[in-house]
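Sharing a sequence plus its predicted fold:
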Amino acid sequence: MKDTYLSLVNGPLKQVAKTLGLPQPVELNRFGSTPASYENKPVLVLGTGPGAQGLADQLLENGLEVRRNAQTGEKLRAIIAVLDDAQSPADLSPVVLEIGAALRSLAACGRVVTISTAPDPQNQTPEQAATTQGITGFTRSVAHEMRAGATANGILLDGVDLAAPSVAAALWFLLSGKSAYVSGQFLTVSSDAGQRLSLNEFMSTGDAGPLAGRTAVVTGAARGIGAAIAENLARDGACVIGVDMPQAGQALAQVMNRIGGKSLQLDITAADAPDKITEALGGSVDILIHNAGITRDKMLANMDAAKWDSVIAVNIAAQTMINARLAEKGLFADGAQVVSLASTSGIAGNRGQTNYATSKAGVIGLTAASAEDFAARGGAINAVAPGFIETDMTAKMPTLTRQVARRLSSLQQGGQPIDVAEAIAFLSSSGARGINGQTLRVCGQNMVGA
């Protein structure tokens, strides 16, 4: 659905909004719409340890302009703070104050990225734990202070160093327009698994894309976020099999014809759904995207068994069954990656959505509990939790509720289906296999909506 207010405050009402102090969201730089003038701006790398210089060298090798010190009057594409050597809260002061001094030089839709050791209170001294946890609070707070479409996110190193392949992939994702609606979030890299991708490889499409040569199954692919996921995976080189209910057969066929994919009409809650998926594949599964989901909203006092059971069956029980059956039959390929759609409702809860929130929280639990099994096959399983995304579902919300939901995020606007699809494509790439069992919010740093 079009956000008319966003168009107006970037057009005829721009000065009026500024004068009245109204929200002034900007059009975000997304993949394919980021101007060259932005991409040519330098990246400022801050940090006192050897890791900072190593990262600066890596960025230079990938064709980025790099600064180790801010230069007066120069606009920056991004600020990267390497804090992996911080041992006490006092160690943070020099770097975070440099970030603050450089923030006014950040271009519209710029990026702040912190890289630090993951909090681990059981294996860190109290001082170290205070430091690593403190960095997460700092990053989230900076994200709330960003303006003009800029974001702040973090990469957490859990038992790995900066050379882990997924650190590079996470950095390319967070620096690019693919993460336009991700802010105040953390990507935890917990293993050296995965393929090291250059920036050019990560940003390529088609036969040169990061998913080239792999087959992806996408459930609920006929419309909305599911269609965007299918299109994005195909853009990045995957062969896509789109799955949806027979009632959505025509819409599904249109999407698959557009991307050169294959349609599969079935009910994912049926006992034979895994068998039909593997028959359509003719082999093992490289990428599986559990996107299919339904809502049957009702206050719990008015909830009946049909509304509760149908949501649980589609949104979580079907995923559990399909994953278990494919694993039992050895039909996950080596290095297979699964990404499931959760929701911010499953994290924060939502009034009138006890069934939906239960199912989406279940997705998060399933993801975390399955990580070890997927790692044993050289793969990974993760979840993406959208917030307020402009879809047919959110278009049905009351007008005032919809406007409030849009403006409450740090980016002061709703996300687009492409934003969710970009996160899923990233987590499906071979470069992201070191990220496992995690849930990434795509919500513009907000908890509103399903």
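Perfect, I can see it now.

tell me, how many neighbours does Ser343 end up with?
Neighbourhood size, Ser343 [other Cβ atoms under 10 Å]: 31. In short, each C-beta sits where N, CA and C put it, glycine included.

Gln265 now?
Using other Cβ under 10 Å, Gln265 has 16 other residues around it.

Relative to Leu264, how far out is the residue nearest to it when sequence neighbours are not counted?
Closest residue to Gln265 apart from its sequence neighbours, by Cβ to Cβ, 6 or more residues apart in numbering: Pro246 at 4.5 Å. Counting by Cβ to Cβ, to the nearest Å, the gap from Pro246 to Leu264 is 10 Å.

For the closest residue in space to Ile316 that isn't next to it in sequence, give me its contacts.
Among residues not flanking Ile316 along the chain, Gly362 sits closest, at 4.0 Å (Cβ to Cβ, 6+ apart). Contacts for Gly362 (Cβ atoms under 8 Å, 6 or more residues apart in numbering) come out as Ile312, Asn315, Ile316, Gly346.

Check Arg433 too.
Taking Cβ under 8 Å, 6+ apart, one finds Pro165, Ser166, Ser191, Ala193, Gly194, Gln195, Gly335, Gln337, Gly378, Gly379, Ala380 in contact with Arg433.

which non-adjacent residue is nearest it?
Nearest non-adjacent residue to Arg433, counting by Cβ to Cβ, 6+ apart: Gly194, 3.6 Å away.

Just give me the neighbour total for that neighbour.
The number of residues packed around Gly194, counting by other Cβ under 10 Å, is 26.

Next: Pro165.
21.

okay, the strand ranked longest in the chain in CSV with CA atoms only?
Under DSSP state E, the strand in the chain containing the largest number of residues is strand 106-117. Taking Å, rounded to 0.1, in the frame of the first residue of the first chain, the C-alpha atoms of strand 106-117 are listed here in CSV:
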residue,chain,number,x,y,z
LEU,A,106,26.8,10.7,7.9
ALA,A,107,25.0,10.9,4.5
ALA,A,108,21.2,10.3,4.2
CYS,A,109,20.5,6.6,4.5
GLY,A,110,24.0,6.1,6.0
ARG,A,111,25.1,3.2,8.2
VAL,A,112,26.6,2.8,11.6
VAL,A,113,27.9,-0.7,12.3
THR,A,114,29.5,-1.9,15.5
ILE,A,115,31.5,-5.1,15.6
SER,A,116,32.1,-6.6,19.0
THR,A,117,32.4,-9.8,21.1
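
Remind me what the helix or strand just after that strand packs against, helices and strands.
Scanning forward in sequence from strand 106-117 by DSSP states H and E, the next helix or strand is helix 126-145. Identification of packing neighbours for helix 126-145 by 3 or more Cβ pairs under 8 Å, 6 or more residues apart in numbering; DSSP states H and E yields strand 106-117, strand 151-157.

Most tightly packed of those?
strand 151-157 (a mean of 25; mean count of other Cβ atoms under 10 Å).

could you check the angle strand 106-117 makes with that one?
Counting by axes from the mean of the first three to the mean of the last three Cα atoms, to 10 degrees, strand 151-157 lies at 20 degrees to strand 106-117.

then strand 151-157 to PDB, C-alphas only?
Taking C-alpha atoms only, strand 151-157 is exported to PDB below (Å, rounded to 0.1, in the frame of the first residue of the first chain):
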ATOM      1  CA  THR A 151      20.400   3.000  10.500                       C
ATOM      2  CA  ALA A 152      22.700   1.400  13.200                       C
ATOM      3  CA  ASN A 153      23.200  -2.300  13.700                       C
ATOM      4  CA  GLY A 154      25.800  -4.600  15.200                       C
ATOM      5  CA  ILE A 155      27.700  -7.800  14.400                       C
ATOM      6  CA  LEU A 156      28.500 -10.000  17.400                       C
ATOM      7  CA  LEU A 157      31.400 -12.400  17.400                       C
END
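
Report the distance from it to the chain centre.
Relative to the centre of its chain, strand 151-157 is centred 12 Å away, using Cα atoms, centre = their mean, to the nearest Å.

With stretch 145-162 instead?
Centre to centre, stretch against its chain (Cα atoms, centre = their mean), the figure for stretch 145-162 is 12 Å.

now the end-to-end length of that stretch.
Stretch 145-162 has an end-to-end distance of 27 Å (Cα to Cα, to the nearest Å).

domains of this protein?
31-189, 206-442 (automatic domain parsing).

Does Ala383 touch Ile364 like I think?
Yes - Ala383 lies in contact with Ile364 (Cβ atoms under 8 Å); the separation is 5.7 Å.

ok, back up a step: let me have the contacts of Arg433 in TSV, extended by pLDDT, secondary structure and distance to Glu145.
Formatted as TSV, these follow (pLDDT from 0 to 100; DSSP: H, G, I helix; E, B strand; the rest coil; distance: Cβ to Cβ, whole Å):
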residue	pLDDT	secondary structure	distance to Glu145
Pro165	97	helix	31
Ser166	98	helix	28
Ser191	97	coil	33
Ala193	96	coil	35
Gly194	94	coil	32
Gln195	94	coil	35
Gly335	95	strand	39
Gln337	98	strand	34
Gly378	95	coil	40
Gly379	97	coil	37
Ala380	98	strand	32
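
Can you name the next helix or strand after the worst-scoring helix or strand of the chain on mean pLDDT?
Least confident helix or strand, the chain: helix 392-395 with a mean of 68, by mean pLDDT, DSSP states H and E. Next along the chain after helix 392-395, taking DSSP H and E as the criterion, comes helix 399-407.

Look up how far Arg140 lies from Glu328.
Counting by Cβ to Cβ, the gap from Glu328 to Arg140 is 40 Å.

pretty sure Ser263 is in a strand, no?
Yes - inclusion of Ser263 in a strand is indicated when DSSP: H, G, I helix; E, B strand; the rest coil is applied.

residue contacts, it?
Counted by Cβ under 8 Å, 6+ apart, Ser263 has contacts Ile241, Gly242, Asp244, Gly249, Leu252, Ala253, Met256.

now, which of these lie within strands?
Ile241, Gly242, Asp244.

Any chance of those residues in JSON lines with distance to Ser37, pLDDT and neighbour count as columns?
Output for these, formatted as JSON lines (distance: Cβ to Cβ, whole Å; pLDDT from 0 to 100; neighbours: other Cβ atoms under 10 Å):
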{"residue": "Ile241", "distance to Ser37": "39", "pLDDT": "97", "neighbour count": "23"}
{"residue": "Gly242", "distance to Ser37": "37", "pLDDT": "97", "neighbour count": "32"}
{"residue": "Asp244", "distance to Ser37": "41", "pLDDT": "96", "neighbour count": "28"}
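
And those residues, which is closest to Trp308?
Asp244 (22.9 Å; Cβ to Cβ).

Wait, that closest one touches Ala292, no?
Yes - under the criterion of Cβ under 8 Å, Asp244 makes contact with Ala292 at 7.3 Å.

Show me whatever sits in contact with both of the two.
Thr219, Gly220, Gly226.

so which strand or helix has the last one?
With elements delineated by DSSP H and E, Gly226 resides in helix 224-235, which encompasses its position.
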